[in-house]
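Participant: Model the structure of this input:
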Amino acid sequence: MKIVRKQLDQNGSGSVKMVPLDSDDLWHAFNLIAPGDTVMAVTVRKVIREMASGGRDAERVKLKLEIKVEEVADYDKVGSVLRIRGKNILENEHVKIGAYHTLELELHRPFVLRKDVWDSFALDVLHQASDPAASADLAVVLMQEGLAHVLLVGKSMTITRARIETSIPRKHGSAIAGYESALNKFFENVLQAFLKHVDFKVVRCAVIASPGFTKDQFHRHLLLEAERRQLRPIIENKSRIILTHTTSGYKHSLREVLDASNVMNMIKDTKAAQEVRALKDFFTMLSNEPDRACYGPKHVEVAHERMAIQTLLITDDLFRNNDITERQKYVNLVDSVKDSGGTVHIFSSMHVSGEQLAQITGIAAILRFPLPELEDIEMVVGNSNPRSPMSCPINSFRFNASLCACPPGHLLDRTTNTCVLFSSSSAIVIGQAESDAVSFPVTIFSFDSLRMFMQSQAVFLQATLVMLASWLFFCLFLRFMKLGDGRNMWFRMRWWVSRLDLCFATTHWLDDQKVITKRKTELGGTFSIASWILFIGLFAALLYQTISKRSIEVHNIKAAHAPDMASFVNDMEYNITTVSTMSCANVRDLGTIVFGNPGFLQQKVMPLSNFANYSCHNNSDGPTISVRCGRCRFIQDKIYISWQFVDLPSSPASAVGFQFNLSARNHPKKDHASFLSGILKNVSSFDDTPVTFRGKNANIVQFNLFPRIYGNQQDSKLLQPLFHEFVPGSFFQKASDLQTSLENSNDGVLNVTLFINLLSSYIVEIENQNIFDPVSFLADLGGLYCISVAIFLYLVVQFEYRIKKLHDEDSVMRNIRNRKIAQDHWNKLRKYVMFTWGCSTMDDYYNDLSATPSCADCMVQSSLEGGLLRKRKAKSGYTTFRFNRQTAKQDTKLLKATATDSEMKTITTKQERPLINAWFCGQGKQSLTRPCEGDSSQLGELFHSEALIPPPPTIEFKDSSDIDMFDVLEKIKSLHEYNVILRDKLLATESEIRSLAIKSS
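Facilitator: A predicted model of the protein is given here:
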């Protein structure tokens, strides 16, 4: 906060002009401004002006307003905006005096705050806001697998800058291939958020915290990516990146981060660190010397009256009370404690430490000397105290006349002030975590990468059935389409379907004593492709089965001896959470470990700190006992760690269940880990009755450590934790029994024992054995092919046997196609004749025979009537070619229209044009007109002679599909001889016509 001007009178009134520079400064302004103060600032308001034309025009103008605060409406920490509502007291042409207005205080915009009385709390807040030494402290990345929070911890508030949540598959089973890629993608998203929101020029250090080994994996990923991308801010400040442990990746675990020793050393001189230390000292004093710690307004007030307060802890929420008398009471309390030589810590409610203090009424104190009589004073905090007779939670019961408790198996939900049933699942989860390092040849060419795309054989079989049904439906649809003359689209599609007859071409229906030949039918093409679709689908399913089950994990058990067990060096971590409303202040007698069987000679007792590091952390589920051991070597098979919870005035020792999270990591390699987690909430696995654990009998949670050597992980030696047994202690199923126990101080304990049993008699060696057999695979593949072909071969035989029409469907389609090809060849021949001789005789052939005859018509008709037409009409059937006249006419007209003179000249010069042709086509039109009209008798004698043009030779073939080439050559030879005769006749006729023309002239 930048203080521009400060004008304070001796009577305590005055004004201060300030400029907020960051979100913390706006939070200080939020605490400073109270109802009754005046605030002057520049704002923007929409003003409506009357125009000369009678209309209205709206514009936004800047105004300087001073309002008397009636309400601090809202503080938006994300948008960094503070909204204040009140009446205007400064005369202005646009805003009337007494009109309500809302001022928005933003960053880097000055404002003036005027108070009638600047009390000690306001001056203290103003001093903290302007102190540059209390700037932003650290950035924290709270994470667990699939969840991460990027937080910035300032001097007065904690801001959540980013939340990353990604679905990560399990670490075992069929989804193991997708685990590494999903985890790398999650780390990349966290890295991008880290680079965007963490500025090492502002923060002192960055903390990466998580349960288990997620923080180590992300830290390694962060440094590797920084080296690869040359990220200078991370490379230059990697010594300021700290790793610490938390029980979860949620925001409430920030208290554990601030309580960590390595983090505390970095921020020990900041306000946040001082608050965390003070709160930790309070809970330690409450646990060890409860008579020297108190909380609640009534207890603190009594302690202050006796001048016993050494350290006062209070949240800033109590100073924002609209009741001026209540606010002044807390201000006087703070001033009095300071005057008496005590220390005062005003906690920000935007910090996790302030939230934790608010859970115990928002005010607490560490005393100079014990005051045991405080326990006899009833703590009253208005209607908000859950211990008040009028404010017991819903679905709860009272005990000791003034206290409240939840029924067995129920927990207090502080947000709704309701006792809810603890209904978490009791499933036990066991898994392994492997290294996330990428190895190119192993990852790219490993069959495991295919499992992301192949989930089960059912997918392939379903896809095969869909494709098979689609193909058969398509072919059935084509069967209903007409073939026509072979020129439509449906004929072409059905023809190509018949060409796909690859499997059944030699197995179609044949008459008796017929030679087996290849016949490609439409039915055979349909079932051939169907058999291949079925075979490919079954082959894909077989391939998936081979890939997924190509190797098995073989466990070999061998007897162990001492040197083998000594080689197991693991980093172990045990987290046991007591699900309850208790805190670490209830914990007692934690710090001793017992090796061997209690009561026997091999029993050995030593401090727990000699074996492992231990601590207690508070989270939303309850206190968590963490035991971490680096480079652990077990000297005994049995280990016992015990602790207990005791009753506190506001927190009875009871629990509804236990949550555990165990992990072990190979210390030399640090790339292979195993974990175990679960929840225990019932007396046994067969009874789901909700219970509450409380009493002297110990609750024993037993785990076994199974030594394993993973040959498939470069001989990694790991102690796999396994849940063995839960032996419940004292518990209650009825609310009346629990009420009696809560009223009995002798039952005010909850004992917990962690029993770890090392199974050192045997060692399990794990290897991957390849069971892939290429011979078996080929045999299965051949069997699938035979099955696919046999099914549809049976269908082909049955269809052709029962449906007679399918016997010769191939010959029908071939005849249609041959007829179309012959028609195309005939059209080509006609075009050649027309372009060669340039006559219209080919067109005249198709003219109506009833029309007026011309000279050419006489020739053509006489020849056709002479026997050619009779010969063509004499036989009909599949072997007779009948051409489409209309098609021929259209082709001829089209070519006449498109052929140029040069093309015609080129074509005609290739052949020797006879003299009769030149005369007949050039002059014959005029010369023949008159003779045909005038001397018809002579022409009749000339053209009606049957011997003038002999009939063409007959061209007939056998009905069978086989045509002998010798017969074809004979027919062509006869046609050639007939052509020679026609040429001679044509020359003779030409000479006669020429002589007739001379005579007529």
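
Participant: So Cys475, which state does it fall into?
Facilitator: Of the three states, Cys475 takes helix under DSSP: H, G, I helix; E, B strand; the rest coil.

Participant: so how far is Met493 from it?
Facilitator: Distance, Cys475 to Met493, by CB to CB, to the nearest Å: 10 Å. Where you see a C-beta, it was placed from the backbone N, CA and C, and this is true even at glycine.

Participant: who's more crowded, the two?
Facilitator: Using other CB atoms under 10 Å as the criterion, Cys475 and Met493 rank with Cys475 on top: 19 against 16.

Participant: Contact partners for that one?
Facilitator: Cys475 sits next to 497, 522, 525-526 when contact means CB atoms under 8 Å, 6 or more residues apart in numbering.

Participant: SS state for Leu151?
Facilitator: What three-state DSSP gives for Leu151 is strand.

Participant: Could you check how far it is from Met350?
Facilitator: 11 Å.

Participant: Show me whatever sits in contact with both of the two.
Facilitator: Thr158.

Participant: from the contacts of Cys475, which ones fall inside helices?
Facilitator: 497, 522, 525-526 (DSSP state H).

Participant: So which of these is surrounded by the most neighbours?
Facilitator: Ranked by neighbour count (other CB under 10 Å), those have Thr526 at the top, with 27 neighbours.

Participant: Looks like it contacts Leu472 (just checking).
Facilitator: Yes: in this structure, Thr526 is within contact of Leu472 by CB atoms under 8 Å, at 7.0 Å.

Participant: Show me whatever sits in contact with both of those two.
Facilitator: Here Thr526 and Leu472 have no joint contacts, going by CB under 8 Å, 6+ apart.

Participant: Show me the longest strand that occurs in the protein.
Facilitator: Looking across the chain with DSSP state E, the single longest strand is strand 56-76.

Participant: Buried residues, that strand. List them.
Facilitator: 63, 65-67, 69, 72, 75 (16 or more other CB atoms under 10 Å).

Participant: Redo those as JSON lines? Include distance to Lys696 and pLDDT.
Facilitator: Listed next are the buried residues of strand 56-76 as JSON lines, based on distance: CB to CB, whole Å; pLDDT from 0 to 100:
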{"residue": "Leu63", "distance to Lys696": "72", "pLDDT": "79"}
{"residue": "Leu65", "distance to Lys696": "68", "pLDDT": "82"}
{"residue": "Glu66", "distance to Lys696": "68", "pLDDT": "84"}
{"residue": "Ile67", "distance to Lys696": "64", "pLDDT": "84"}
{"residue": "Val69", "distance to Lys696": "58", "pLDDT": "84"}
{"residue": "Val72", "distance to Lys696": "52", "pLDDT": "77"}
{"residue": "Tyr75", "distance to Lys696": "50", "pLDDT": "71"}
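
Participant: Lys6: which of those is nearest?
Facilitator: Comparing these against Lys6 with CB to CB places Glu66 closest, at 17.9 Å.

Participant: ok, now which ones touch that closest one?
Facilitator: 38-40, 88-90, 112.

Participant: how much space between it and Gln7?
Facilitator: Taking CB to CB as the measure, Glu66 and Gln7 are separated by 15 Å.

Participant: How about Glu522?
Facilitator: Distance, Glu522 to Gln7, by CB to CB: 103 Å.

Participant: Next, count neighbours for Val42.
Facilitator: Neighbourhood size, Val42 [other CB under 10 Å]: 12.

Participant: Quick check on Gln359: phi, psi?
Facilitator: Backbone torsions for Gln359, taken as degrees, to the nearest 10, come to phi -70, psi -20.

Participant: my guess is it meets Arg414, correct?
Facilitator: Yes: in this structure, Gln359 is within contact of Arg414 by CB under 8 Å, at 7.2 Å.

Participant: where exactly do the helices run in the stretch 251-400 of the chain?
Facilitator: Per DSSP state H, counting those that start in this stretch, the stretch 251-400 of the chain carries helices over the ranges 254-259, 261-266, 271-288, 297-305, 324-339, 352-358.

Participant: For Asp317, which of those helices is the nearest?
Facilitator: helix 352-358 (6.6 Å).

Participant: for that closest one, which positions count as buried?
Facilitator: Using 16+ other CB under 10 Å as the burial criterion, the residues of helix 352-358 that qualify are 352-357.

Participant: who are the neighbours in contact with Gly249?
Facilitator: Taking CB under 8 Å, 6+ apart, we find Gly249 in contact with 142-144, 147-149, 210-211, 214.

Participant: Excluding covalently adjacent residues, which one is nearest to it?
Facilitator: Distances taken as CB to CB, 6 or more residues apart in numbering put Gln144 closest to Gly249, at 3.4 Å, once the chain neighbours are dropped.

Participant: OK, contacts around that neighbour?
Facilitator: 210-212, 214, 248-249 are the contacts of Gln144 under CB under 8 Å, 6+ apart.

Participant: for Arg519, same thing?
Facilitator: 501, 505-506, 508, 810.

Participant: run the last query once more with 6 Å
Facilitator: The contact partners of Arg519, by CB atoms under 6 Å, 6 or more residues apart in numbering, come to 508, 810.

Participant: same thing with the one 5 residues further on?
Facilitator: With CB under 6 Å, 6+ apart as the criterion, the residues that contact Gly524 are 501, 504.

Participant: Ok, Ala122 next?
Facilitator: By CB under 6 Å, 6+ apart, the neighbours of Ala122 are Leu32.

Participant: how close does it get to Val263?
Facilitator: Counting by CB to CB - Ala122 and Val263 are separated by 31 Å.

Participant: and what of Leu742?
Facilitator: Leu742 is 38 Å from Val263, by CB to CB.

Participant: and what of Thr43?
Facilitator: The gap separating Thr43 from Val263 is 42 Å, by CB to CB.

Participant: Now do the biggest helix by length in the chain, average pLDDT.
Facilitator: If you go by DSSP H, the chain has its longest helix at helix 965-1000. For helix 965-1000, mean pLDDT is 83.

Participant: In it, which residues are buried?
Facilitator: So helix 965-1000, judged by 16+ other CB under 10 Å, has buried residues 985, 989-990, 993-994, 996-997.

Participant: Please apply the same query to stretch 556-572.
Facilitator: Within stretch 556-572, the residues scored as buried using 16+ other CB under 10 Å are 560, 565, 568, 570-572.

Participant: quick check, nearest of these to Ala226?
Facilitator: Nearest to Ala226 out of these is Asp571 (CB to CB; 25.0 Å).

Participant: wait, what's in contact with that closest one?
Facilitator: 630, 665, 667.

Participant: Could you count how many residues lie near the first one?
Facilitator: Translated: Gly630. When neighbours are defined as other CB under 10 Å, Gly630 has 13 of them.
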